[in-house]
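Asks: take this sequence and fold it.
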Amino acid sequence: MSKFQLNEQLSLGVCYYPEQWPQHLWADDMRRMKEMDISVIRIAEFAWSVFEPLEGQFSFELFDNVLQLAKENDLKVIIGTPTATPPAWLTEKYPQVLNATIEGHLLQHGLRRHTNYTSTTYHQFCSIITTKLVEHYHTHPNVIGWQIDNEFNCEIGEFYSESDHIAFRQWVESRYVTLETLNEAWGTTFWSQTYSSWDQVYLPRLVPGGRQPNPHLALDEKRFISDSVLAFARIQADIIAELAPHHFITTNGLFGHLNSHQLTNELLDFFSYDSYPQFSTIFQDPNEENPLADRSWSQTLSAVRSISSKFCIMEQQAGPGGWVNKMDMPSPRPGQLRLWSYQSIAHGANMVVYFRWRTATFGQEIYWHGLNDYSNKPNRRLAEAAKVGHELQFISDVLAPTTYEANVAIMRDYNNEWDGEYDVWHGPYGWTSGKEWYKALTRKHIPTDIVYMEESTTLEKLQKYQLIIYPHPAIMSAATASLLEQYVELGGEIIFGCRTGYKDTRGHCYMLPFPGVASKLTGIELEEYTVVKGTRSAPSIKFIGNDNTMATQHFNEIIEPISDNVEILATYEDDYYAGKPALTRHAFGKGQAWYYGSVFSEQVANEILSLLPDVHSPASWLHLPTEVELAVRGNDSRRIYILLNYSEQPMSIQIDESKLNLLTNEAMVGKVELQGYDVLLLVEEK
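Replies: Predicted coordinates for the structure are as follows:
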């Protein structure tokens, strides 16, 4: 039996929870799914107490009946291992599996994700339930793959149980080998924190002032949590790989304190994500200027694409959502469910699974609506999903073999994300600048990748991109600096912001003029720097050549060129550093390295883009308003230009060259009106 390949077709699915519904509904549910061209169901990720109602007593009857109906209706099945929600008998009898707060209080049964990843007892029970499930279903013809657990580090991403402290101590000893090396890495001579025994090593604990651990310990804590998740996931992945090598292995979510790239590279066939675009609106900063709203979810999907070029959306928002006590999201407007589905597909999803088939009538998520309302009567969300299902059948052969195309990248890395959670002198800036750059690029219809800098990153990978924006990489190793130098020397363009290059991978500041190891590439040193806060107002900068002025924000660095090849592009207008360089460009080999001594805004990003005439939309024949996103998927044979209208209002677009509308098979040219929340797929043969 061959393994299901994500790149062979577009698939539409739905999350289905038969354990929550009377059996007389199941057959009609699956009949209606087939009528909608839904071909996949995802089941069982929260059903441990169904499979093992008492310790060592296993029952498969309920899901055997479900899978029989799936077979009769030709529905493929993804089974979730139910290890995110252990049954009450387990946590009551074996409290050592529970997570704890930083104060040491156990987190009790009653929600989900209340366990820790390091308990050997929990490892044993997870191994048993996974083995039993895979042994029972590995020969079923309709099962195509497995989702490991559910949303690692969702709800909580910190762990302070006794087993976590023990495992961390072992992890630290393995990493540093000697206490001398550990003490040097954590700078423990500061405030007399020096360790003289491994038994003195703990995860962060409460100290005067609350949770304020040694910053180097805090960085290693995140690395440890990520490694703990990988070790926990490996237990299940190894069982599935051995017993069901013909099934794919994936997991879902994109949460903190987890290197999802490493997880995918080592354990998964592809990564899966849970896409709820309205999170970007309900958690939106009320002070943010010119927000992208649900369109900003494309940036998150770009991060997912950096993990898997083709991925699965294991949960696609299908209605209004929220728990009884939080996250109350409004109902999608007519057309938005389809728009969000194509948003996921445009950015690389070849399988989209709606959450959920029917809205639950009990439990914490009774307001997290699925395609069906409580009544089971037809509604517009069902009609939209059915339209997507029918369209995917029509376009699958053309679109499925393609991948997202971009020649601009915004770069991130885990070290700076994790260190920046604690370090307010750079952490908040990375997210702000990345978001502002994404706004500028997407509104100029320039497709953009998110790329993570890793130890395994190669020059060849970087050379795919004409432009790389690496906003605030405070932590930068000498090896990374050297790699970026090679990229620019061979013709690449790179843009840095303030707080670049001044820390090593331990989080220690280099004893070098800032920007530290990036100084050679940028051709500059910093005279000094200041936080812009309190009574200090943010000065403006003036661009040389056009006299355009705009405000800075959050942080200012005073730049001193040290290379004759540095060109000053903008200077500060105010404060004691008025007239000093704020933005520079350094000719380095065949390329250029830019340095901006502040935190980027969309306005500044746009001004910089105006100085990069070769960075532009890949479709000069297409004229789009800013409300419409352009995504491009292609292969050796063709390109598909995917247009997504995030406005409720119709938008006028101009097509200068005749292109085929993939959804209607009709030629399109000239002025076209794209309806509110509508999508358009244009094909260009190579």
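Asks: how near is the nearest residue to residue 425 once chain neighbours are set aside to residue 198?
Replies: Counting by C-beta to C-beta, 6 or more residues apart in numbering, residue 425 lies nearest to residue 499, which is 6.8 Å off, once chain neighbours are set aside. All C-beta atoms are positioned from the backbone trio N, CA, C, and that covers glycine. Plainly put, residue 499 is 34 Å away from residue 198 if you go by C-beta to C-beta, to the nearest Å.
Asks: comparing those two, which residue is more hemmed in?
Replies: Neighbour totals were compared for residue 499 and residue 198, and residue 499 leads with 28 against 13 (other C-beta atoms under 10 Å).
Asks: list the contacts for the more buried one?
Replies: Counting by C-beta atoms under 8 Å, 6 or more residues apart in numbering, residue 499 touches 425-426, 429, 472, 474, 555, 557.
Asks: over to residue 318?
Replies: Here residue 318 is in contact with 337, 354-356, 369-371, 381, 385 (criterion: C-beta under 8 Å, 6+ apart).
Asks: run the last query once more with 6 Å
Replies: Counting by C-beta atoms under 6 Å, 6 or more residues apart in numbering, residue 318 touches 354-355, 370-371.
Asks: which strand or helix spans the nearest residue to it once chain neighbours are set aside?
Replies: Leaving aside its chain neighbours, residue 318 sits nearest to residue 354 (4.2 Å; criterion: C-beta to C-beta, 6+ apart). Element membership of residue 354, judged by DSSP states H and E, is strand 349-355.
Asks: strands paired with that strand, and their directions?
Replies: Strand 349-355 has the following strand partners under DSSP bridges: strand 11-15 (parallel), strand 311-317 (parallel).
Asks: state the next helix or strand along the chain beyond the first one.
Replies: Where DSSP H and E defines the elements, the next helix or strand beyond strand 11-15 is helix 26-35.
Asks: direction included, what does the helix or strand following that following helix pair against?
Replies: Later in the chain than helix 26-35, the nearest helix or strand by DSSP H and E is strand 40-43. Paired neighbours of strand 40-43 in the sheet (DSSP bridges): strand 11-15 (parallel), strand 76-80 (parallel).
Asks: hang on, the earlier thing: return the strand holding residue 354 as CSV; C-alpha atoms alone will do.
Replies: Extracted in CSV, the C-alpha atoms of strand 349-355 (Å, rounded to 0.1, in the frame of the first residue of the first chain):
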residue,chain,number,x,y,z
ALA,A,349,-2.0,24.1,1.8
ASN,A,350,-2.9,21.1,-0.3
MET,A,351,-5.3,19.7,2.3
VAL,A,352,-7.8,21.9,4.1
VAL,A,353,-9.8,20.3,7.0
TYR,A,354,-12.7,22.4,8.4
PHE,A,355,-13.1,22.6,12.2
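Asks: I'd like to know how many residues surround residue 399.
Replies: Residue 399 has 22 neighbouring residues, counting by other C-beta under 10 Å.
Asks: please report how far it lies from residue 128.
Replies: In this view, residue 399 and residue 128 are 41 Å apart by C-beta to C-beta.
Asks: circling back to that earlier point, from the contacts of residue 318, which is closest to residue 654?
Replies: Comparing these against residue 654 with C-beta to C-beta picks out residue 354 as the nearest, at 34.1 Å.
Asks: and residue 156, how far from residue 390?
Replies: From residue 156 to residue 390 the distance is 41 Å (C-beta to C-beta).
Asks: ditto for residue 649
Replies: Using C-beta to C-beta, we find residue 649 at a distance of 26 Å from residue 390.
Asks: domains of the chain?
Replies: By the assignment in automatic domain parsing, the chain contains the domains 11-400, 408-610, 622-685.
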